[in-house]
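Peer 1: just to be clear, the model below is a prediction. Sequence and coordinates:
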Amino acid sequence: VPGTGTSGRISVDDVKAHVNRLVSGAVATGAAAAEPLPDFSRWGAVERQPMKGVRRKTAHHLAAAWATIPHVTQHDLADITELEELRTRYVKTVEAAGGNLTITAILVKIIAAALRKFPQFNASVDMAAEEIIYKQFVNVGIAVDTDRGLLVPVIRDADAKNVTQIAVEISQLSEKARTRKLSLEEMQGGCFSLSNLGGIGGTAFTPIVNAPEVAILGVSRARMEPVYRAHEGEHGFVPRLMLPLSLSYDHRVIDGADGIRFLRWVIGALEQPFLLALQG
């Protein structure tokens, strides 16, 4: 709330003016006002708990993002059969450095390279100035599930780090998030977010863009599926490890064709890791 009094002091009129601006903005963006709730106690016992800390901030932030960003979500599958063999082979090497070689760590490196190739995904929208802000740095946020709610620590300059360095940093930041030692600074400055729910399950989901970013990648659980392949005269179904990916993006900045090009580039890097060194 901007204060108009001496030294920025906030008055009652300042608070009322701020509320009016918020209401006007909600109307302009088409956000619906919350409807009053019924008295649930009419049908049985209820318990009310205040929305605190992270949960309250998350609720306000995601509600604003959903109301103001025209979302599109693109789903696809990546064949990670060979990548999983490589990942398993080098797990111990990364563990010795203090990290965990996960698909998330590998994806951070791939996304960092993709953001350089597709700059419209490394941007933010300034509707007040009617400008698109293109960032010259690459910071990738990682959604971490904690007992307080969802936190998103940021891997800074991800494009300048190798997978081992990224894996170590993810382990350190995730531990900080779960032990309540993560600073506000470590959650700021993200360009793109990654949400991996594969450890829990699911086949696909529609992640909400983490404003002021313009895109987020959701990852579900990899599963073995029969895939038809034609190779050297042989035709038939073979078991392949397929990873479901869900890319949500801001349609004000990113068109559908660009969205699928980005996702297919990420999938290509997962399916043929050498491409990352060749083209990344």
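Peer 2: Ah, there it is.
Peer 1: gap between the two ends of stretch 2-11?
Peer 2: Using CA to CA, to the nearest Å, the span of stretch 2-11 from its first residue to its last is 9 Å.
Peer 1: distance of the residue most central in space within the chain from Asp255?
Peer 2: Against the mean C-alpha coordinate of the chain, by CA atoms, centre = their mean, the closest residue is Ser193 at 2.8 Å. Distance of Ser193 to Asp255, given as CB to CB, to the nearest Å: 20 Å. All C-beta atoms are positioned from the backbone trio N, CA, C, and that covers glycine.
Peer 1: swap in Ala67?
Peer 2: Separation of Ala67 from Asp255 (CB to CB) stands at 22 Å.
Peer 1: cool, Val209 as well?
Peer 2: Distance, Val209 to Asp255, by CB to CB: 15 Å.
Peer 1: what does Thr104 give?
Peer 2: Look at Thr104 and Asp255: by CB to CB, they are 27 Å apart.
Peer 1: ok, now Ile132?
Peer 2: In terms of CB to CB, Ile132 sits 13 Å off from Asp255.
Peer 1: what ranges does the chain have for its strands?
Peer 2: For the chain, applying DSSP state E gives strands covering 71-79, 123-126, 131-134, 140-142, 144-146, 149-151, 154-155, 192-196, 215-219, 223-231, 234-250.
Peer 1: about what we covered before: among Thr104 and Asp255, which residue is more densely surrounded?
Peer 2: Using other CB atoms under 10 Å as the criterion, Thr104 and Asp255 rank with Thr104 on top: 21 against 12.
Peer 1: check what pLDDT the more buried one gets.
Peer 2: Looking at Thr104, its pLDDT reads 97.
Peer 1: which residues does the nearest residue to Gly202 once chain neighbours are set aside contact?
Peer 2: Spatially, and ignoring its direct neighbours in sequence, Gly202 is nearest to Ser220 (4.5 Å; CB to CB, 6 or more residues apart in numbering). Residues in contact with Ser220, defined by CB atoms under 8 Å, 6 or more residues apart in numbering, are 197-198, 201-205, 243-246.
Peer 1: burial count for Gly141?
Peer 2: Neighbour count for Gly141, taken as other CB under 10 Å: 25.
Peer 1: correction: the previous question concerned Glu85.
Peer 2: For Glu85, the neighbour count with other CB under 10 Å is 10.
Peer 1: and it, what's its pLDDT?
Peer 2: pLDDT, Glu85: 95.
Peer 1: any idea how far Gly44 is from Asp147?
Peer 2: Here Asp147 is placed at a distance of 28 Å from Gly44 (CB to CB).
Peer 1: now Ile170
Peer 2: 44 Å.
Peer 1: coming back round to it: hang on, isn't the residue nearest to the centre of the chain packed against Pro212?
Peer 2: No. Between Ser193 and Pro212 there is no contact, the gap being 11.3 Å when judged by CB atoms under 8 Å.
Peer 1: ok so, going back, Ile170 and Gly44: which has the busier surroundings?
Peer 2: The residue with more neighbours, out of Ile170 and Gly44, is Ile170; 22 against 6, by other CB under 10 Å.
Peer 1: what distance do you get for the more buried one to Leu276?
Peer 2: Noted for Ile170: a distance of 18 Å to Leu276, by CB to CB.
Peer 1: got it, and Asn139?
Peer 2: Distance of Asn139 to Leu276, given as CB to CB: 19 Å.
Peer 1: and what of Tyr134?
Peer 2: Separation of Tyr134 from Leu276 (CB to CB) stands at 23 Å.
Peer 1: in terms of neighbours, single out the busier of those two.
Peer 2: Taking neighbours as other CB under 10 Å, Tyr134 and Leu276 compare with Leu276 leading, 18 against 11.
Peer 1: mind checking which of the strands of the chain is nearest Ala269?
Peer 2: When the strands of the chain are compared by CB to CB, strand 71-79 sits nearest Ala269, at 9.0 Å.
Peer 1: what pairs with the closest one, and is each one parallel or antiparallel?
Peer 2: Looking at strand 71-79 with DSSP bridges, its partner strands are strand 234-250 (antiparallel).
Peer 1: for Thr4, give me the backbone phi and psi.
Peer 2: Dihedral angles phi and psi of Thr4 (degrees, to the nearest 10) take the values phi -110, psi 0.
Peer 1: residues near it, how many?
Peer 2: A count of nearby residues for Thr4, using other CB under 10 Å, gives 11.
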